[in-house]
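K.L.:
Pasted the sequence and its predicted model underneath.
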Amino acid sequence: MYGSGGNDYINATSGGHDDFVLAVAGSGVESVTGFSETKGDILNPTSPLLAAGWNLLSPLANYLKVSAVRNSATLSIAANGIGASVLPLKSVILYGGLQG
């Protein structure tokens, strides 16, 4: 499943083994319901991370922030690796993402 630029709402009810590829274009929020690690779902933030300037030698913590509230998780990618205190380049909210 591919989230385009801007705000996207994705319902992952296909039974698992879904690959979520985040787009580079545009900021915005990707909202995903039905994400399940235990069913083999994968979140791939490579494109926006590379667009933010991350490489294998850069500390990933400078680019990613993960926060959890109740039964959901939010992954934010900071532009230019300047930390989580800035407006993110891209955010992903995984509703139900902390349970299998």
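P.N.:
Yep, that arrived.

K.L.:
And the helices in the chain?
P.N.:
Under the criterion DSSP state H, the chain contains helices at 46-51.

K.L.:
For it, give me the ranges with low pLDDT.
P.N.:
Low-confidence segments of the chain, defined by pLDDT under 70: 1-6, 14-15, 24-27, 83-90, 96-100.

K.L.:
how does it look with 80?
P.N.:
Residue ranges of the chain with pLDDT under 80: 1-16, 20-30, 69-71, 79-100.

K.L.:
quick one: terminal-to-terminal distance for stretch 20-40?
P.N.:
Terminal residues of stretch 20-40 are spaced 11 Å apart (CA to CA, to the nearest Å).

K.L.:
Next, the buried residues of it.
P.N.:
20, 22-23, 28-32, 34-36 (16 or more other CB atoms under 10 Å). Every C-beta, even on glycine, is put in place using the N, C-alpha and C of the backbone.

K.L.:
try stretch 51-59
P.N.:
Result for stretch 51-59 [16+ other CB under 10 Å]: buried residues 51-52, 54.

K.L.:
ok, the buried residues of stretch 20-40 vs Asn71, which is closest?
P.N.:
Phe35 (11.0 Å; CB to CB).

K.L.:
Ramachandran angles for the closest one?
P.N.:
Note on Phe35: backbone dihedrals following degrees, to the nearest 10 are phi -70, psi 130.
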